[in-house]
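Novice: Here is my input; please provide its structure:
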Amino acid sequence: MKQAVDFYDFKRAFEQIRPDNFSREGLSVLWDYLEQYENDCGEELELDVIALCCDFSEDSTENIANSYDIDLSECETDEDKAEEVKEYLEQYTTLIGEVNGGFVYRDF
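Specialist: As a prediction, this is how the structure comes out:
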């Protein structure tokens, strides 16, 4: 038996179980991605907050660069740094979306 959830239910589930994993903007980006995935595949997903937190992350440009040893030394501006990290994420994983100062992406 499955229960349909809307964005409010989705956000509330994260706030109750893992309130610090995603910003509101990050949750919105993830919600849109998961809805599009369901539409594209014709498959309903089960809302499992823990599994989603294991599969997806939201982090700042700088933290992602540090975590994955992305060399930003040639980048002159914050926009250049963000573009370099974005290209890295697009090459090595699934970039879910951009948020203020960072990205939501599939962990790898």
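
Novice: Report pLDDT for the closest residue to Leu52 other than its chain neighbours.
Specialist: Nearest residue to Leu52, sequence neighbours excluded (C-beta to C-beta, 6 or more residues apart in numbering): Leu30, at 7.2 Å. C-beta coordinates here come from the backbone N, C-alpha and C atoms, glycine included. pLDDT recorded at Leu30 is 98.

Novice: low-scoring stretches of this protein, by residue?
Specialist: 1 (pLDDT under 70).

Novice: Which stretches in it count as helices?
Specialist: Using DSSP state H, the helices assigned to the chain run over residues 7-17, 24-41, 49-55, 61-67, 78-92.

Novice: so can I have a markdown table of those showing distance to Tyr105 and mean neighbour count?
Specialist: Converted to a markdown table, the helices of the chain look like this (distance: least, C-beta to C-beta, whole Å; neighbours: other C-beta atoms under 10 Å):
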| stretch | distance to Tyr105 | mean neighbour count |
| --- | --- | --- |
| helix 7-17 | 17 | 14 |
| helix 24-41 | 10 | 15 |
| helix 49-55 | 10 | 14 |
| helix 61-67 | 8 | 16 |
| helix 78-92 | 5 | 15 |
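
Novice: With respect to Val99, which of the ones you listed lies nearest?
Specialist: Val99 lies closest to helix 24-41 among those, at 4.6 Å (C-beta to C-beta).

Novice: So which elements touch that closest one?
Specialist: In terms of contacts (3 or more C-beta pairs under 8 Å, 6 or more residues apart in numbering; DSSP states H and E), helix 24-41 is packed against helix 7-17, strand 56-60, strand 95-99, strand 102-106.

Novice: For the first one, name the packing helices and strands.
Specialist: If I follow you right, that is helix 7-17. Using 3+ C-beta pairs under 8 Å, 6+ apart, helix 7-17 sits against helix 24-41, helix 49-55.

Novice: okay, these in TSV with distance to Tyr8 next?
Specialist: Listed next are these as TSV, based on distance: least, C-beta to C-beta, whole Å:
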stretch	distance to Tyr8
helix 24-41	10
helix 49-55	15
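
Novice: could you list every residue that touches the closest residue to Ile96 other than its chain neighbours?
Specialist: Leaving out its chain neighbours, the residue that sits closest to Ile96 by C-beta to C-beta, 6+ apart is Val104, at 4.1 Å. Counting by C-beta atoms under 8 Å, 6 or more residues apart in numbering, Val104 touches Phe22, Gly26, Val29, Leu30, Tyr33, Phe56, Ser57, Glu58, Leu95, Ile96, Gly97, Glu98.
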